[in-house]
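> Provided below for reference: sequence and predicted model.
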Amino acid sequence: MAVGRVGVAGAARRSLRVRELLDREGFLGPAFVSPAFLLILFLVAYPFCMAVYFALSDAFIGRPSHFVGLANFVNLWTSDAFRQTFQNAFVFTGAAVGFKLVLGISLALLLNQQLWFQRMIRGAVLLPWVIPTALSTLGWWWMFNPGYSVVNWTGISLGLLDAPGPNWLGQKYYAMAAVVTVNVWRGLPFFAITILAGLVSIPRELYEAAEADGAGPVARFWHVTLPLLKPVMAIVVLFSTIFTFSDFNIVYVLTRGGPINSTHLFATLTRQVGLDSGRIGEGAAISLYLFPVLVFVVWAQLRFVRRQVY
Amino acid sequence: MAVKRRPLLTKIALHLGLVPFLIFALFPFYHMALTSLKQDRELYDRHASPLLIHQGPTLEHYVHLLQETAFGTWVKNSLLVTVLATTLSVVIGTIAAYVLARLKFFGVATFGTAIFVTYLVPTSLLFLPLAQVVNTLGLGDSKWSLVVTYPTFLVPFCTWLLMGYFRTVPKEVEECAMVDGATRIQALLRIVLPIAVPGLVCAVLFAFTLSWNEFIYALTFTSSSDEITAAVGVTSELIRGDIYFWGGLMAGAVLGSVPIVILYVFFLDYYVSGLTAGAVK
């Protein structure tokens, strides 16, 4: 009985101390941040260091590795597949982000009007963005199938294509067009909806003032809408650049990088070299070519876009 | 000021302008669903129009998928991984976001930036070394490897999203409660979290969607039929050799998307606001 009472009092004192500790900002802050911190330390920062270590070695699955300096990064340039991939990454990202931006602005301008079934239309527009990319890309794979392509069938029926139509995934430039199309299809909702949020936040008075000064719709778009959308567009483009550059799903499902490496991106080539062929060192070096883009995007975001926050 | 009434013609023209966008967005889903419902005879008839079903719909591809393949197991795996990774990430993200948005302590600004930088790290940069980490942990070819690794991109996302929401909760509300004798934890649980419910719903929905849709980690870390997720199962196990069973493949793609579509239909507005909050805030 007495022992029990002491135990209860001890527990009460202890809980009081915990309570005091939890009320102290200097304790609570680090305590609440530590799970996230440990996670990032062990499963993001540590693997990143490993990637650097691999890239500087001749690591091969199941074999001890040796330090080789920058040899992997340099030797990659003698590989046709890598040089092609490097070029593809810029063509793919440039084309996809460009289309997404132009189409995204157009779609956002349309969505910003009074529409019938507004909510349903927004829902439909956003749908490609929420469906698992690997699965929806399978749908596109079937649409581009050489024997039964519904794209070609429709094109031929409308008289836009000559029968039998292009073999989308089997010819170099068509395959690139196909992967860009699917990426635009998937990424357009993000552009449209985010730019729409930017459009909504532009004060009406500015348009009224411009109209009063005799500006027509086109002039209002160029001199009011676009300049005020710049910050939102900058964020969207930077975001999209890093995720388009590092895209994996679409190319993996649609073409596996083919035909003859013409659609390989860094991520898909990394997988082919680092996992399928087991040359981890070389694979890690390929994936680290994504790093400068990441650094640039982070730098630009922190420097220009989020100055006000941190 | 009187609202100008748009002439009906302008309004119709506007909607017509939207039609190409809507076809572009929705046609792939329509075609996918249509293919999954067609009989093989019609599916491989080159003269039949691919845009409609002429010879009657069939559920045979779905029956085959559910009875003859391990599709059910893959969906179960996806659900398990998604629910656990989402729960874990939202909890870790919520507490981190709260203290990052509210408190002043050593390293708070640096860590806030670190979270943001991690948020931008693409999964394709890290999957190769992470595969080694997963093997070292003894989780090679196990769905648990995904429960452990998905929080690496979910936690930064949730934290970033929720920091924005917590900043919109006025400090005074919380301070009042604390003056009345509540501890900071009580203030967080009883005052701040209830106000931030829309943000929490957003975080849960996006974490769920992101982990359900994740592909590259699942493809890399798991391979046996008992451990893979729906997206990996459909894209790898249903494609064997050079003969594809398009009906079954499309049925898998449709069914594998169903959980997300259900959430999407019910929580559309949260998706819209979360999408913009994640990028703009």
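Received it, and whenever you're ready, just let me know what you need.
> wait, doesn't residue B:130 sit right on residue A:47?
Yes - in this structure, residue B:130 is within contact of residue A:47 by CB atoms under 8 Å, at 4.8 Å. (Each C-beta comes from the backbone N, C-alpha and C, glycine too.)
> who has more neighbours out of the two?
residue B:130 (26 against 23; other CB atoms under 10 Å in any protein chain shown).
> quick check, pLDDT for the residue sitting nearest the centre point of chain A.
Nearest residue to the geometric centre of chain A (CA atoms, centre = their mean): residue A:243, 2.0 Å. With respect to pLDDT, residue A:243 has a value of 92.
> give me the nearest residue to it, chain neighbours excluded.
Distances taken as CB to CB, 6 or more residues apart in numbering or on different chains put residue B:122 closest to residue A:243, at 6.1 Å, once the chain neighbours are dropped.
> next up, the contacts around that neighbour.
Residue B:122 is in contact with A:242-243, A:245-246, A:267, A:290, A:294, counting by CB atoms under 8 Å, 6 or more residues apart in numbering or on different chains.
> most neighbours among those, which one is it?
Result: residue A:267 is most packed of the contacts of residue B:122 (other CB under 10 Å), 28 neighbours.
> which residues touch it?
Contacts of residue A:267 by CB under 8 Å, 6+ apart are A:246-248, A:251, A:287, A:290, B:122, B:124, B:216.
> pLDDT, distance to residue B:101 and secondary structure added to the residues you listed, as CSV?
As requested, the contacts of residue A:267 are exported to CSV (pLDDT from 0 to 100; distance: CB to CB, whole Å; DSSP: H, G, I helix; E, B strand; the rest coil):
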residue, pLDDT, distance to residue B:101, secondary structure
A:246, 93, 29, coil
A:247, 95, 32, coil
A:248, 95, 33, coil
A:251, 96, 38, helix
A:287, 93, 33, helix
A:290, 92, 30, coil
B:122, 91, 26, coil
B:124, 90, 30, helix
B:216, 95, 31, helix
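> redo these as CSV? Include distance to residue A:82.
CSV is the format used below for those (distance: CB to CB, whole Å):
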residue, distance to residue A:82
A:246, 16
A:247, 17
A:248, 17
A:251, 15
A:287, 12
A:290, 13
B:122, 19
B:124, 16
B:216, 20
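> what is the nearest of those residues to residue B:179?
residue B:122 (45.7 Å; CB to CB).
> and the closest one, its phi and psi?
The phi/psi pair for residue B:122 (degrees, to the nearest 10) reads phi -70, psi 150.
> so which bits of the longest helix along chain A are buried?
For chain A, the helix with the greatest residue count under DSSP state H is helix A:80-111. Across helix A:80-111, burial judged by 16 or more other CB atoms under 10 Å in any protein chain shown covers A:81-82, A:84-86, A:88-89, A:92-93, A:95-97, A:99-101, A:103-111.
> now, which of these lie close to chain B?
Among those, the residues lying close to chain B (CB under 8 Å from any CB of the partner chain) are A:103, A:107, A:110-111.
> residues contacting residue B:163?
Contacts of residue B:163 (CB under 8 Å, 6+ apart): B:97, B:100-101, B:112.
> following the helix or strand hosting it, which helix or strand comes up?
Using DSSP states H and E, residue B:163 falls within helix B:151-168. Counting by DSSP H and E, the next helix or strand C-terminal to helix B:151-168 is helix B:171-179.
> now that following helix and helix B:151-168, what's the angle there?
90 degrees (axes from the mean of the first three to the mean of the last three CA atoms, to 10 degrees).
> close to chain A, is the next helix or strand after helix B:171-179?
Proceeding N to C from helix B:171-179, the next assigned helix or strand is helix B:184-187, under DSSP H and E. Yes - using CB under 8 Å from any CB, we find that helix B:184-187 touches chain A at B:184-185.
> list the helices and strands helix B:184-187 packs on?
Using 3 or more CB pairs under 8 Å, 6 or more residues apart in numbering or on different chains; DSSP states H and E, the elements in contact with helix B:184-187 are helix A:2-23, helix B:171-179.
> weakest of the ones you listed by average pLDDT?
Comparing mean pLDDT across the helices and strands packed on helix B:184-187, the weakest is helix A:2-23, with a mean of 64.
> residue B:96 reaches residue B:118, doesn't it?
No - using CB under 8 Å, residue B:96 is not in contact with residue B:118; the gap is 11.4 Å.
> can you give me the helices in the stretch 101-250 of chain A?
Secondary structure of the stretch 101-250 of chain A by DSSP state H, counting those that start in this stretch: the helices cover A:118-130, A:133-143, A:150-157, A:172-200, A:204-212, A:217-220, A:226-245, A:249-254.
> now do the longest one: distance to the chain's middle.
Okay, so that is helix A:172-200. Computed by CA atoms, centre = their mean, to the nearest Å, the chain-centroid distance of helix A:172-200 equals 11 Å.
> and the contacts of residue B:163 as CSV, adding secondary structure and pLDDT?
Below are the contacts of residue B:163 laid out as CSV (DSSP: H, G, I helix; E, B strand; the rest coil; pLDDT from 0 to 100):
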residue, secondary structure, pLDDT
B:97, helix, 94
B:100, helix, 92
B:101, helix, 90
B:112, helix, 88
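> report the buried members of those residues.
B:97, B:100-101, B:112.
> tabulate those (a markdown table), appending distance to residue B:158.
Formatted as a markdown table, the buried ones among the contacts of residue B:163 follow (distance: CB to CB, whole Å):
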| residue | distance to residue B:158 |
| --- | --- |
| B:97 | 7 |
| B:100 | 12 |
| B:101 | 13 |
| B:112 | 14 |
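> which of those residues are close to chain A?
B:100, B:112.
> out of the buried ones among the contacts of residue B:163, the closest to chain A would be?
In terms of CB to the nearest CB, no member of the buried ones among the contacts of residue B:163 lies closer to chain A than residue B:112, at 5.9 Å.
> quick one: that closest one and residue B:100 touch, right?
Yes - Residue B:112 lies in contact with residue B:100 (CB under 8 Å); the separation is 5.1 Å.
> low-confidence regions, chain B specifically.
B:1-6, B:241-244, B:277-281 (pLDDT under 70).
> centroid-nearest residue for it?
Compute the mean C-alpha point of chain B, and by CA atoms, centre = their mean the closest residue is residue B:209, 1.3 Å away.
> for the helix or strand containing it, packing partners?
For residue B:209, the element it lies in under DSSP H and E is helix B:197-213. Contact here means 3+ CB pairs under 8 Å, 6+ apart; on that basis helix B:197-213 packs against helix B:71-102, helix B:151-168, helix B:230-232, helix B:246-266, helix B:268-280.
> that helix to helix B:151-168, inter-axis angle?
Using the same axes, to 10 degrees: helix B:197-213 against helix B:151-168 is 160 degrees.
> CA-only coordinates of helix B:197-213 in CSV, if you can.
This file holds the C-alpha atoms of helix B:197-213, laid out as CSV (Å, rounded to 0.1, in the frame of the first residue of the first chain):
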residue,chain,number,x,y,z
VAL,B,197,-8.8,20.1,-40.0
PRO,B,198,-9.1,21.1,-43.6
GLY,B,199,-5.3,21.1,-43.8
LEU,B,200,-5.1,17.7,-42.2
VAL,B,201,-7.7,16.3,-44.6
CYS,B,202,-5.6,17.6,-47.5
ALA,B,203,-2.4,16.1,-46.0
VAL,B,204,-4.1,12.7,-45.6
LEU,B,205,-5.6,12.8,-49.1
PHE,B,206,-2.4,13.8,-50.8
ALA,B,207,-0.2,11.4,-48.8
PHE,B,208,-2.7,8.6,-49.7
THR,B,209,-2.7,9.5,-53.3
LEU,B,210,1.1,9.9,-53.6
SER,B,211,1.8,6.6,-51.9
TRP,B,212,-0.9,4.7,-53.9
ASN,B,213,0.5,6.1,-57.1
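> fine by me, thanks again.
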